[in-house]
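Trainee: requesting a structural model of the entry that follows:
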Amino acid sequence: MPDILSPQPFLQQLGPILDVRSPGEFDKAHIPGAISFPLFNDDERAAVGTCYKQQGRDEAVELGLEFVGPKMAGLVKEAKAISANASADSATDSPSLRLHCWRGGMRSSSVAWLLETAGLKVNLLEGGYKAYRSWVRETVLQPRPIWILGGMTGTGKTLVLHALAELGEQVLDLEGLANHRGSSYGNVCLPPQPSTEHYENIVAQQWESFDPSRRVWIEAESRLVGRCRVPPELFEQMEQSPVLEIQRDPAERLALLETIYGEADRQELVEATERIGRRLGPQNTKAAVEAINNGNLAPAIALVLNYYDKAYTYDLERRSVPRFPLNVAGLSPLETAKALLEQVSQREAAA
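Mentor: From the prediction side, this is the model:
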């Protein structure tokens, strides 16, 4: 019989996680690191569900068996290959396979029976992916001592976050996890974004990995990073956390943004500019688009920065939390990170 584990011990176990839901369910969102191991494809799942509603459980089970029967040998072969690869990569001789479906019901139980019959060790997730999603909500509620890294567009906040991580600090890179820089231009030169549900899963598992007694650095963000929503429970903590605001000269900011977007597709930049056209105004939008099309990014960036600076200032001023400005003009990301740590250490010691 497989061990049936609640989400926390299930996630802490060694061994591959096999998600036996359909490919469509998996693609929407899944436990980070899980392997799609579908018992039914999308059409088969839909057919079984329709049969259950229209004809009842017994008929649906029979239909499911018709679909699964020819696949059984292939499922066992694939699972053994996954287990063998995991054993080769692990200090454990034969790590268990961890299985789950949507509710921890018939799909995962059936696959667990099949794989155990074939001699494999199996652990099941109690309550399935649905229980895991409840774990996600509970996890992002857990408090951590947060410092928000603020600063206007082009001050290099993301580079500084990476430098803080190199120095051993706990960092939650919300933009990196979302594949987005948090502005109209945020998806330029980046891969597609995950769904909000999958984004929450990724954020929760990183949040759970942090030492709760140590501070966590998070870049100042709005509720949405592109199309990904920051988990509301976490965003509420961010809204109540002190802000260390790095400041740089306009010329430095413009130069950094030219470096980031200099190789971007011009049409992508034009489309991103036109998305905020109502806020820029028709004249500024036209001038920015012409500059982009002429391959002269600096004037376009300057026009757009004026809008984003106003939006940033408004957002920061609405927060009733301590704000500590720090001029880092001329400093590298690593030098900036060290200066931030010195500031924080002083303020934490005085608190």
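Trainee: in the stretch 251-351 of the chain, which spans are strands?
Mentor: Counting by DSSP state E, counting those that start in this stretch, the stretch 251-351 of the chain has strands at residues 323-327.
Trainee: in it, which spans are helices?
Mentor: 266-275, 277-280, 282-293, 297-317, 333-350 (DSSP state H, counting those that start in this stretch).
Trainee: redo the ones you listed as CSV? Include distance to residue 9.
Mentor: Yep, even glycine has a C-beta here, placed from its N, CA and C like the rest. Output for those, formatted as CSV (distance: least, C-beta to C-beta, whole Å):
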stretch, distance to residue 9
helix 266-275, 45
helix 277-280, 49
helix 282-293, 53
helix 297-317, 40
helix 333-350, 34
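Trainee: out of the ones you listed, which gets the lowest mean score?
Mentor: Averaged per stretch, pLDDT over those is lowest on helix 297-317, reaching a mean of 85.
Trainee: list the helices and strands that one packs on?
Mentor: Packing contacts for helix 297-317, counted by 3 or more C-beta pairs under 8 Å, 6 or more residues apart in numbering; DSSP states H and E, involve helix 250-261, helix 266-275, helix 277-280, helix 282-293.
Trainee: what's in contact with the last one?
Mentor: By that I understand helix 282-293. When contacts are defined by C-beta atoms under 8 Å, 6 or more residues apart in numbering, helix 282-293 is touched by residues 266, 269-270, 273-274, 276-277, 280, 297-300, 303-304, 306-307.
Trainee: show me which parts of it are buried, residue by residue.
Mentor: 284-285, 287-289, 291-292 (16 or more other C-beta atoms under 10 Å).
Trainee: same deal with the shortest one?
Mentor: In terms of neighbour count (16+ other C-beta under 10 Å), helix 277-280 has its buried residues at residue 280.
Trainee: other residues contacting that helix?
Mentor: With contact meaning C-beta under 8 Å, 6+ apart, helix 277-280 is reached by 273, 285, 288, 303-304, 307.
Trainee: kindly report the same for stretch 179-197.
Mentor: In contact with stretch 179-197 (C-beta under 8 Å, 6+ apart) are residues 28-29, 133, 153, 158, 175, 178, 199, 202, 221-222, 225-229, 260-261, 263-265, 268-269, 272-273, 275-276, 304, 308.
Trainee: out of those residues, which are buried?
Mentor: Buried among these (16+ other C-beta under 10 Å): 29, 133, 153, 158, 175, 178, 199, 202, 221, 225-226, 228-229, 260-261, 269, 272-273, 276, 304, 308.
Trainee: pLDDT at the nearest residue to residue 227 once chain neighbours are set aside, what is it?
Mentor: Nearest residue to residue 227, sequence neighbours excluded (C-beta to C-beta, 6 or more residues apart in numbering): residue 193, at 5.6 Å. Note on residue 193: pLDDT of 96.
Trainee: same check, this time on residue 93
Mentor: The model's pLDDT for residue 93 equals 62.
Trainee: kindly report the same for residue 76.
Mentor: pLDDT at residue 76 comes out at 94.
Trainee: over to residue 265?
Mentor: On the pLDDT scale, residue 265 gets 88.
Trainee: and it, what does it touch?
Mentor: So residue 265 contacts residue 188 (C-beta under 8 Å, 6+ apart).
Trainee: which of the contacts of helix 282-293 sit farthest apart?
Mentor: 266 and 306 (21.0 Å; C-beta to C-beta).
Trainee: in the stretch 1-150 of the chain, where is pLDDT below threshold?
Mentor: For the stretch 1-150 of the chain, residues meeting the criterion pLDDT under 70 lie at 90-94.
Trainee: strands of that one, start to end?
Mentor: Using DSSP E, counting those that start in this stretch, strands in the stretch 1-150 of the chain cover 3-5, 17-19, 35-36, 97-100, 122-125, 146-150.
Trainee: returning to what we had before: as JSON lines, the buried residues of helix 282-293 with distance to residue 36 would be great.
Mentor: Formatted as JSON lines, the buried residues of helix 282-293 follow (distance: C-beta to C-beta, whole Å):
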{"residue": "284", "distance to residue 36": "47"}
{"residue": "285", "distance to residue 36": "43"}
{"residue": "287", "distance to residue 36": "48"}
{"residue": "288", "distance to residue 36": "43"}
{"residue": "289", "distance to residue 36": "42"}
{"residue": "291", "distance to residue 36": "45"}
{"residue": "292", "distance to residue 36": "40"}
